[in-house]
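> What follows is a protein structure lacking sequence information:
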């Protein structure tokens, strides 16, 4: 249906380690998958996105992978830094129907320990 | 470029009182969204505008919530009367529109507390 399942809900890593957050969905019409970072007291900020015709996208320490067959996508952060600590949300958007509306996961609180 | 601007940042009201939130989107962005974010949850869409037209308000509780976007720029979201369960962060976002995958840019939200 509509939901996006996001795991884990909390993640604690040591500075320099990698962090991986996974999301699954069921609507095969989804074709756009952004990731947002939300710091305390601020609105979500887009950090990376991927479209359904691409399997992987990378931007410096951040990468996103998409498996459309299995209907899951993941955020990978390498060489984590304390400033990466925040809540991360995955989202999906349908192409058609409610075109233009993002459906968000429940978020992952990432803590990077120095 | 200036980001999405929302005001006020915080609002505390008693239940049954009215409240209004204001949003100024990024200049040139035709699409405007209002989202509600409950504590520990992801944002949930309330209403989406394409220019001045509300094209999706299916999740807006119309008995107490209303919204308008005059002249297709600024937007106001109103709750009357407010209930305890309305306590949340109300986020406004805008996007250039034109394609189905235009990125959304969020404001910092208005945190509403209903007592």
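Noted; the coordinates are in hand. Since this is a predicted model, take the numbers as computed values, not measurements.

> Residue 77: how many residues sit nearby?
Just going to use chain A. Using other CB atoms under 10 Å in any protein chain shown, residue A:77 has 25 other residues around it. (Glycine included, C-beta is placed from N, CA and C.)

> switch to chain B, that's the one I care about
Other residues near residue B:77 number 23, with proximity taken as other CB under 10 Å.

> Which strand residues bridge it?
Under DSSP bridges, the beta-bridge partners of residue B:77 are residue B:21, residue B:67.

> so it makes contact with residue B:21?
Yes: counting by CB atoms under 8 Å, residue B:77 sits close enough to residue B:21 to count as a contact (4.6 Å).

> Please identify every residue contacting each of those two.
B:90, B:92 (CB atoms under 8 Å, 6 or more residues apart in numbering or on different chains).

> Per-residue confidence, residue B:71, what does it come out as?
pLDDT for residue B:71: 86.

> correction: residue B:101
68.

> List phi and psi for residue A:80.
phi -60, psi 150 (degrees, to the nearest 10).

> ok, how many other residues are close to it?
For residue A:80, using other CB under 10 Å, the count is 21.

> tell me the contacts of it?
A:13-19, A:61, A:110, A:112.

> Rebuild those as JSON lines, extending it with pLDDT, secondary structure and distance to residue B:48.
Formatted as JSON lines, the contacts of residue A:80 follow (pLDDT from 0 to 100; DSSP: H, G, I helix; E, B strand; the rest coil; distance: CB to CB, whole Å):
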{"residue": "A:13", "pLDDT": "98", "secondary structure": "strand", "distance to residue B:48": "36"}
{"residue": "A:14", "pLDDT": "98", "secondary structure": "strand", "distance to residue B:48": "41"}
{"residue": "A:15", "pLDDT": "97", "secondary structure": "coil", "distance to residue B:48": "39"}
{"residue": "A:16", "pLDDT": "97", "secondary structure": "coil", "distance to residue B:48": "41"}
{"residue": "A:17", "pLDDT": "97", "secondary structure": "coil", "distance to residue B:48": "39"}
{"residue": "A:18", "pLDDT": "98", "secondary structure": "coil", "distance to residue B:48": "36"}
{"residue": "A:19", "pLDDT": "98", "secondary structure": "strand", "distance to residue B:48": "32"}
{"residue": "A:61", "pLDDT": "97", "secondary structure": "coil", "distance to residue B:48": "33"}
{"residue": "A:110", "pLDDT": "98", "secondary structure": "strand", "distance to residue B:48": "29"}
{"residue": "A:112", "pLDDT": "98", "secondary structure": "strand", "distance to residue B:48": "34"}
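
> Among these, which one sits closest to chain B?
residue A:110 (14.5 Å; CB to the nearest CB).

> Which positions in the lowest-mean-pLDDT helix or strand in chain B come out as buried?
Least confident helix or strand of chain B, by mean pLDDT, DSSP states H and E, is strand B:53-56 with a mean of 89. For strand B:53-56, the neighbour count (16 or more other CB atoms under 10 Å in any protein chain shown) marks residue B:56 as buried.

> Who are the packing partners of that strand?
Contact analysis of strand B:53-56 by 3 or more CB pairs under 8 Å, 6 or more residues apart in numbering or on different chains; DSSP states H and E lists strand B:44-50 as its packing neighbours.

> which residue ranges form the strands in the chain?
In the absence of a named chain, chain A is used. Assigned by DSSP state E, chain A shows strands spanning A:4-7, A:10-14, A:19-25, A:30-38, A:45-51, A:56-59, A:62-67, A:72-77, A:86-94, A:102-104, A:108-113.

> The intended chain is chain B.
B:5-7, B:10-13, B:19-24, B:31-37, B:44-50, B:53-56, B:65-68, B:75-79, B:88-95, B:105-106, B:110-114.

> Great, nothing more from me.
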